[in-house]
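Colleague: got a structure for you, letters missing:
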């Protein structure tokens, strides 16, 4: 199994530009998660999907951020326009559905995209 | 705001010793708890999950959960230099209608000294 695949691995852009991050989850996983990690704020959940449907986007910082999952094998996180404070490592993770509502998600993380906005 | 607190460390232990990592959480309705290991520059990797009070052992790792005290810990026995990493505590609560609250702590950096 190839695991969760993310691209690009590194992205350097200038303030105001559009940035698109991509993710391919593990085949058969029902849930897909987008996270942002910084030294100051740690690992923050931005949004997650169940069967391609967004369930909770309360972690998306503002309207400049948007995420889509057009099919079970592909998701994008877009930032438009980008700002220097968006510089972070963005992780995508996927998981099978919990066995029961009392059980959470055993998540598998992709390698991340390191975003630098100048 | 659901909070998950961890001591940022660094926690330094000699090789062969027991490393004890702690995590407290604010949401009493939390139901599932996870420990992830993250090496520098890498992505988090799941190492333990625990759902009920008590201990759960897996090799050199033991997770301990006390829901009354809202406390979860991870013990690493016979610590090895390869265990040097940041350990993230994650907490999940079901909030109804197919929605979950997922919160990560900021992690504890562990350094195992040869």
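Modeller: Received, thanks. Here the structure is a predicted model, which means the values were calculated and not measured. Residues are numbered from 1 along each chain as shown, chains lettered A, B, ... in the order given.

Colleague: now do the residue in chain A positioned nearest to chain B, the pLDDT please.
Modeller: Closest to chain B within chain A is residue A:104: 3.0 Å, counting by C-beta to the nearest C-beta. The C-beta positions use only the backbone N, C-alpha and C, and glycine is treated the same way. Looking at residue A:104, its pLDDT stands at 89.

Colleague: repeat for residue B:11
Modeller: 96.

Colleague: right, and it touches residue B:19 too?
Modeller: Yes - with contact defined as C-beta atoms under 8 Å, residue B:11 counts as touching residue B:19 (6.6 Å).

Colleague: which residues do the two both contact?
Modeller: Common neighbours of residue B:11 and residue B:19, counting by C-beta atoms under 8 Å, 6 or more residues apart in numbering or on different chains, are residue B:110.

Colleague: could you look up the SS state of the residue of chain A closest to chain B?
Modeller: coil (DSSP: H, G, I helix; E, B strand; the rest coil).

Colleague: mind listing what the nearest residue to residue B:3 once chain neighbours are set aside touches?
Modeller: Closest residue to residue B:3 apart from its sequence neighbours, by C-beta to C-beta, 6 or more residues apart in numbering or on different chains: residue B:26 at 4.2 Å. Each residue near residue B:26 by C-beta under 8 Å, 6+ apart is listed here: B:2-5, B:70.

Colleague: cool, and residue B:98?
Modeller: Counting by C-beta under 8 Å, 6+ apart, residue B:98 has contacts A:50, A:55.

Colleague: cutoff 10 Å now
Modeller: A:50, A:53, A:55-56, A:97, A:101 (C-beta atoms under 10 Å, 6 or more residues apart in numbering or on different chains).

Colleague: ok, and the most crowded of the contacts of residue B:26?
Modeller: In terms of neighbours by other C-beta atoms under 10 Å in any protein chain shown, those top out with residue B:4 at 23 neighbours.

Colleague: looking at strand pairing, list the partners for that residue.
Modeller: residue B:25 (DSSP bridges).

Colleague: correct me, but residue A:58 touches residue A:47?
Modeller: Yes - Residue A:58 lies in contact with residue A:47 (C-beta atoms under 10 Å); the separation is 8.3 Å.

Colleague: much appreciated, bye for now.
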